[in-house]
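Enquirer: have a look at this prediction, sequence included:
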Amino acid sequence: MKIIDVKVEVIHIPMKKPFRIAFAVQDHSVNVLVKVMTDEGIYGIGEAAPFEPVTGENSATVLEVLKLFKQGLIGMDPMNIEGIHLMMDRLISGNTSAKAAIDIALYDLKGKVMNQPLYKVLGGYRDQIVTDMTIGIDKPELMAQEAKERVERDGFRILKVKAGINPADDIRALTLIREAVGPDIRLRVDANQGYTVNDAVRVLKEFEKIGVDAVEQCLPWWDMDGSKILRQKVDMQIMLDESIHSPVDAAKACKMDAADILNIKLMKCGGLYPAEKINAIAEANHVNCMVGCMLETKVAIAAGVSLVAAKSNITEADCDSFMYAVDPEMGMPGGFTIEGGVYTLSQKPGLGLDLDF
């Protein structure tokens, strides 16, 4: 089997409302779909969801890089996933969402060749997973109202609350959210690099009283030393996200005892192949993982939830972003069903999506 063509399509994803985190506000996303085609008529679909503050890319750069990759891919065996990653890494450093798009398409194709759903190709541990729902930064009262709706109307049992701009507002928002949703809903916080070490220690002590499970990326991405200090100062799980792009980053964080949980994102690390490496490194060091997401369609979300379902060491999921879109399905039926935060994965081959272009 040989790759004979690579097609791309740019998609614009308007959101239901602007989504605010510590360092950005988004009201839409511009992503790139990829179709890797073979001489046997089997194809795979992938997606790039670039985000400049994290991956250093946008849709225009992704398109240029995919042109470069296409030259190298033509004639290659799509099952040679390691060889294709080596080719992409030799051609250009970084550009991880572009690499993830090719990677996801290759795994979709592999599942189709094997006639197995992707979660079984990757490990097959379970066919259901639970995701959280994210509450963006807003006035604390509005955040509490949204949290209550997500729990009572939509059935979510885990909420991830964005923070990191104003510590006093963060404490008030979490206090109001806890009051609104009650004691049985799990809460975690994502500060998106918004705190200093001193601020983080002070704020996290207050979060302890509120019953927050975990806090994600309190400090700038480069400050793993500070993250280690936080683990020693507070009684909750410390998660790293923007600090973890590669298996090398994961090894460094584990060696330094800088995290209890690592947040794997396919767009940060370059796809499922390096994501499996990150999880293996974490597992060998008794560190659990979560799979998160950028603003993605069901293509990349299906890949992410398949990885969660495949691995026992990946204990958490933050794979909710497609639900922020005005049209979450976007003409992409299949892949999974979701009810109250519980994903049930498709048993169809590959990503399980009924999608072609």
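Expert: Arrived safely, thanks for sending. Being a predicted model, the structure only gives us computed values, none of them experimental.
Enquirer: can you pull the domain assignment for this structure?
Expert: 3-115, 120-345 (automatic domain parsing).
Enquirer: buried ones in the longest helix along the chain, by neighbour count?
Expert: Longest helix in the chain, counting residues (DSSP state H): helix 96-114. Residues of helix 96-114 classed as buried by neighbour count (16 or more other CB atoms under 10 Å): 96-113. C-betas here are computed from N, CA, C, even on glycine.
Enquirer: can you name every helix or strand that the helix or strand harbouring residue 229 contacts?
Expert: Element membership of residue 229, judged by DSSP states H and E, is helix 224-233. When contacts are defined as 3 or more CB pairs under 8 Å, 6 or more residues apart in numbering; DSSP states H and E, helix 224-233 packs onto helix 197-210, strand 237-240, helix 247-255.
Enquirer: neighbouring contacts of the second one?
Expert: Contacting residues not belonging to strand 237-240 are listed as 188, 213-218, 224, 227, 230-231, 253, 258-263, 290 [CB atoms under 8 Å, 6 or more residues apart in numbering].
Enquirer: re earlier: quick one: the helix holding residue 229 to helix 197-210, angle?
Expert: With axes from the mean of the first three to the mean of the last three CA atoms, to 10 degrees defining the directions, helix 224-233 sits at 40 degrees from helix 197-210.
Enquirer: need the contact partners of helix 224-233.
Expert: 197, 200-201, 204, 215, 218-219, 238, 240, 243, 252-253, 256-260.
Enquirer: run the last query once more with 6 Å
Expert: Here helix 224-233 makes contact (CB atoms under 6 Å, 6 or more residues apart in numbering) with 197, 200, 201, 219, 238, 253, 256, 257, 258.
Enquirer: give the PyMOL command for selecting the buried subset of those residues.
Expert: In PyMOL, this line selects whichever of these come out buried by 16+ other CB under 10 Å:
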select buried, resi 197+200+201+219+238+253+258
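Enquirer: and of the contacts of helix 224-233, the nearest to residue 5?
Expert: Distance ranking of those against residue 5, using CB to CB, places residue 253 first at 39.2 Å.
Enquirer: buried residues, the helix holding residue 229. List them.
Expert: Neighbour count says helix 224-233 has 224, 226, 227, 228, 229, 230, 231 buried, by 16+ other CB under 10 Å.
Enquirer: the helix or strand encompassing residue 177 vs helix 197-210, what angle?
Expert: In the assignment (DSSP H and E), residue 177 maps to helix 167-181. Using the same axes, to 10 degrees, the inter-axis angle of helix 167-181 relative to helix 197-210 is 20 degrees.
Enquirer: quick check: mean pLDDT of the next helix or strand after helix 167-181?
Expert: Note on helix 167-181: by DSSP H and E, the next helix or strand toward the C-terminus is strand 186-190. Strand 186-190 shows a mean pLDDT of 98.
Enquirer: what about the strands in the stretch 251-357 of the chain?
Expert: Using DSSP state E, counting those that start in this stretch, the strands of the stretch 251-357 of the chain run over residues 261-264, 288-291, 314-317, 336-339, 342-345.
Enquirer: tell me what the third one is packed against?
Expert: Which is strand 314-317. Using 3 or more CB pairs under 6 Å, 6 or more residues apart in numbering; DSSP states H and E, the elements in contact with strand 314-317 are strand 288-291.
Enquirer: any idea of the mean pLDDT in the strand it packs on?
Expert: Mean pLDDT, strand 288-291: 98.
Enquirer: any low-confidence regions in the stretch 101-250 of the chain?
Expert: For the stretch 101-250 of the chain, not a single residue meets the criterion pLDDT under 70.
Enquirer: out of the strands of the stretch 251-357 of the chain, flag the one nearest residue 68.
Expert: strand 261-264 (25.3 Å).
Enquirer: report the distance from that closest one to the chain centre.
Expert: Its chain's C-alpha centre and that of strand 261-264 lie 9 Å apart, by CA atoms, centre = their mean, to the nearest Å.
Enquirer: try stretch 217-229
Expert: With CA atoms, centre = their mean as the basis, stretch 217-229 stands 20 Å off its chain's centre.
Enquirer: from here on, count from 2
Expert: Taking 2 as the first residue, the last one we looked at is stretch 218-230.
Enquirer: okay, how far is it across that stretch, tip to tip?
Expert: When the termini of stretch 218-230 are compared using CA to CA, to the nearest Å, they are 13 Å apart.
Enquirer: can you pull the pLDDT of residue 24?
Expert: Reading off the model, residue 24 has pLDDT 75.
Enquirer: let me fix that: residue 28
Expert: At residue 28, pLDDT is 87.
Enquirer: likewise for residue 21?
Expert: Residue 21 is given a pLDDT of 83.
Enquirer: confirm it sits in a helix?
Expert: No. Counting by DSSP: H, G, I helix; E, B strand; the rest coil, residue 21 is not found in a helix; it is strand.
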